[in-house]
Structures are given as structure tokens and as C-alpha cells.
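# Build the 3D model from these lines:
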Amino acid sequence: MFLLNAAPKREYDTRLEQLVNGTINKDLIVLGSSRGAGNILAEQLEQDTGLSSYNLSYQGTDIIFHEFILESLIKYNKAPKYVLLNIDSPTAFLESNSIIFRTDVLLPYTKYNYINSKLVEVAANNPLSSIFFTLRLNRNHFKYSNKLAREENPLDAFGSMPLLKNKKHGLVYSDKNQPYDKNKEQASKLSALKNIQDICNKNDIELIYVISPSFRVFSTNFYKRLAKLSKSENHIFVYDSTNPVYKNEDYFYDAAHLMKNGAQIFTSEISEFIKQK
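Numbers count the residues shown, from 1 in each chain. Okay, here's the model as predicted:
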């Protein structure tokens, strides 16, 4: 039991433990993958809108993981007024090796029955671990050094991870509108999207889908597909594609992620959208 209790204390990112302990009670929650983590600044949202805000985006995670985070939020915390769900355009509903359900985020927290049950559900832990606690142990429990903050995008006090260091390589803006084939969508990801909408509707949460800037032309084909999947009560926020900043590589870490200076501009657009509503 000592090993189970010790592992969470070595984690730099404690958001998941805060979540299951019911200490994240905010007006506005940001969900998403790395684009949500780095492109949307919760502290700035709070300052701009007056809504207490927190970012629960995790790098490399898919919409099924976002669904799990939202379910956990509602189970153990007060329901927020707003959920901003950053949607990875155009890959959110497609098979991907880069955005997945990240079991590694959960594995240090197997001391919690709720977390362990989820790992069993996704076949990442032994079904008998619900009875035998020794079966909950994994390599995270045998590491004795603390995990350190990432130098290029440390986690801030509001849960965001803005990118601070530019890769300093030449980016080429793509003006080709990508085709989108809905036949390649995964049923499990579409189901997660539907469940997120249902959870928000049931708990009187205003759901806003957010599409972040990329160093390429805005994908109208993906937008049209998302609009069809979205229920009428939800909203889709798209960055200002006419802003020349989003064609300037000085504001981008790479083709998919903004630097902090770009994130500040993008977040201000989101704040204005919320205030106008």
C-alpha cells in the first residue's frame, strides 16, 4: 500500500488527483489535447471574462480521453458553466497514433478505485486488481525520483501549458484545403463526442467547440462535418482566419501549435466570443 500511495506524490502534474479529490470547481473548463493545453490560456480567460477557469487538456490525448476527463469532473466536482472543447482539426475522429487514450496518465494513480476501474475497462490493468492491490502496481510505483516540469512548456497554476521556446525552423504556410473523408471516422470517437454533448446538456453546461489556428488554410470540410455532428444548442468557435498573425511563423511552435504570444491572441478571441454571448 505504501508504494501505491507514494507514486502520486512524485508526479509533477497533479491535475488528475485534484480531479478525483473534488478540488477543481470552476466556472469554465478547457478540454483537449496539446492544442488545448498550449493554445488556450485559462488564466487569461479568467482575467478577461471574470469566470474562474482551469485547463484540463492533456498532450497527446484523443476525444475518448476528453470524455473520461469530463465524466470524472462531473462525478467528483461541481459542474462548470462552460466547457471549451478544443477539437483537433481535421483528425479528431480519425484513427491516429499521435492522439490516443493515454493510460500512462492514469497509471500512477491506481490507488484510487475509480482510476483503477477505468484502467481495467480499457484493458490496461488486470481485472483482479480490484481485489488484489498488488496487481495495481506498475513501473510508476518503483520509481523514486520526482517527475520534473517540461522546460519548453511547463504546467502553470491554471493547468495550461503554453509553449515558451520556438523551434526556430522555417515553416511554410499551406493554402491547400484538405479533403475530409467521414468514412474513415471511428465509431468509438463519434460515440465519445455524442456522450460529451449529452453530459453537457444534462448538467446545463454550455459546450463550445474550439478550433485552433494551424499554419495552413482553415479546413472548411472538417468544419462542415463538425457542424453536422454538433447539436443545435452547442457552439463552434473558429479563430479569426483573416488575422495575419496566423500566417506569421513567429507565433507558431510548429504547424499545429502556437507559441505563447500566439496563444495570447487566440485566447483573447475566445474571451471576446464568451463575453459577447
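# Could you report the neighbour count for G38?
Using other CB atoms under 10 Å, G38 has 29 other residues around it. Placement of C-beta: from N, CA and C, glycine included.
# How about the one 5 residues further on?
By other CB under 10 Å, 17 other residues sit near E43.
# Phi and psi next, for it.
Per-residue torsions, E43: phi -60, psi -40 (degrees, to the nearest 10).
# what does L107 give?
When read as degrees, to the nearest 10, the backbone of L107 gives phi -60, psi -30.
# now V210
Dihedral pair for V210: phi -120, psi 130, per degrees, to the nearest 10.
# One more: the one 10 residues further on?
Phi and psi for T220, reported as degrees, to the nearest 10, are phi -70, psi -30.
# Now do the same contact list for it.
By CB atoms under 8 Å, 6 or more residues apart in numbering, the residues touching T220 are N177.
# I'd like to know how far it sits from N25.
Distance, T220 to N25, by CB to CB, to the nearest Å: 38 Å.
# And for R15?
Taken as CB to CB, the span from R15 to N25 is 13 Å.
# Looking at these two, which is more packed in?
Shown here are R15 and N25; by other CB under 10 Å, R15 has more neighbours (18 against 13).
# hang on, isn't that one packed against F158?
No. The pair R15 / F158 is not scored as a contact, 10.5 Å apart, by CB atoms under 8 Å.
# which residue packs closest to the residue nearest to the spatial centre of the chain, ignoring adjacent ones?
By CA atoms, centre = their mean, the chain has its centre lying nearest to G32, at 2.0 Å. Closest residue to G32 in three dimensions, ignoring its sequence neighbours and counting by CB to CB, 6 or more residues apart in numbering: N86, at 3.0 Å.
# Next one: the one you found from K118, what distance?
22 Å.
# more crowded one of these two?
N86 (26 against 20).
# Next, the buried residues of the helix or strand of the chain with the lowest mean pLDDT.
Within the chain, no helix or strand scores below helix 2-6, which has a mean of 77 by mean pLDDT, DSSP states H and E. Using 16 or more other CB atoms under 10 Å as the burial criterion, the residues of helix 2-6 that qualify are 3-4, 6.
# and that helix, how far out from the chain's middle?
Distance, stretch centre to chain centre, for helix 2-6: 28 Å (CA atoms, centre = their mean, to the nearest Å).
# Same check on stretch 254-265?
Distance, centroid of stretch 254-265 to centroid of chain: 16 Å (CA atoms, centre = their mean).
# what distance separates the start and the end of it?
One end of stretch 254-265 to the other measures 17 Å (CA to CA, to the nearest Å).
# List the contacts of that stretch.
34-35, 38-41, 44, 162-164, 166-167, 171, 174, 212-216, 243, 245-246, 250-253, 266.
# before we move on, what about stretch 188-205?
Identification of contacts with stretch 188-205 by CB under 8 Å, 6+ apart yields 62-64, 66-67, 70-71, 74, 79-83, 85, 92-94, 206-207, 229-231, 233-234.
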